[in-house]
Structure formats: structure tokens, C-alpha cells
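1. Sequence and predicted model, in that order:
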Amino acid sequence: MDFRNFDPRHTGELLKHIDRQNEVLMEAYRSMFHELRKLQVEEEMLMRKMHEVMSTHGLTKMGVSYGNPFGMVLGQLKTSQGFTLGGPTS
């Protein structure tokens, strides 16, 4: 936008437009933040459930478990909330 040729009579319209854009962006931010939080909670629940299943089958030992159906090195996996698979919570 070339501000040298900006007509000051349109300042009110521009301000309304910017305010509407701000509202739209804030609503998108709130929505995305809410969805992210739901996914983080779901991740935590799934990790706990996986740990429970692995514990039931004796697969939570440190290091590689060759009978591990998940194909992972255990004891080093952490969720974003700090829950450690195969070891104590940190």
C-alpha cells in the first residue's frame, strides 16, 4: 500500500477492517490453542494406556525388548508433559 496517496477520509474504514481482522485472528488463535490442548491431553492418555499395556506384557524394561510389538527402545520416550515410558515420571 502506498501511504503517500492514502486518503485520510478512509481511516475509519481501515480501522474497522483491522479490528475485524484482529477479531478473526484471535478467534483462530483460541480455536487452535483449544485443539492443541485437546491433542496434548489425548497424547498423554494414549501414552499412559500404552505404558499400561506394555507393563502388562512385561515390555517396560530399559533398553531394547526383542519381543516388543511396538518396535521401540524403551525407557527414553517422553510425552510433551514429561511422562516417561518405561521409567518413572519426571
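-> The structure has been received and is ready for your questions. Since the structure is predicted, the reported quantities are computational estimates derived from the model, not experimental observations. Numbering: from 1, shown residues only.

2. Phi, psi for Leu59 please.
-> For Leu59, the backbone dihedrals (degrees, to the nearest 10) come out as phi -110, psi 20.

3. so how far is Leu36 from it?
-> Separation of Leu59 from Leu36 (Cβ to Cβ, to the nearest Å): 30 Å. (C-beta placed from N, C-alpha, C; glycine too.)

4. and if you look at Tyr29?
-> 10 Å.

5. Neighbour count for Leu59 and Leu36, which is higher?
-> Neighbours were counted for Leu59 and for Leu36 using other Cβ atoms under 10 Å; Leu59 has more, 20 against 10.

6. Distance of that one relative to Met26?
-> For Leu59, the distance to Met26 equals 45 Å [Cβ to Cβ].

7. Now stretch 27-37: average pLDDT?
-> If you average the pLDDT over stretch 27-37, you get 97.

8. Using PDB, list the CA coordinates for it.
-> What follows is stretch 27-37, C-alpha atoms only, in PDB (Å, rounded to 0.1, in the frame of the first residue of the first chain):
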ATOM      1  CA  GLU A  27     -10.700 -16.500  17.300                       C
ATOM      2  CA  ALA A  28      -8.500 -18.600  15.100                       C
ATOM      3  CA  TYR A  29      -5.800 -18.500  17.800                       C
ATOM      4  CA  ARG A  30      -8.200 -19.500  20.500                       C
ATOM      5  CA  SER A  31      -9.600 -22.300  18.400                       C
ATOM      6  CA  MET A  32      -6.100 -23.700  17.500                       C
ATOM      7  CA  PHE A  33      -5.000 -23.400  21.100                       C
ATOM      8  CA  HIS A  34      -8.000 -25.300  22.300                       C
ATOM      9  CA  GLU A  35      -7.400 -28.000  19.700                       C
ATOM     10  CA  LEU A  36      -3.700 -28.300  20.600                       C
ATOM     11  CA  ARG A  37      -4.600 -28.700  24.300                       C
END
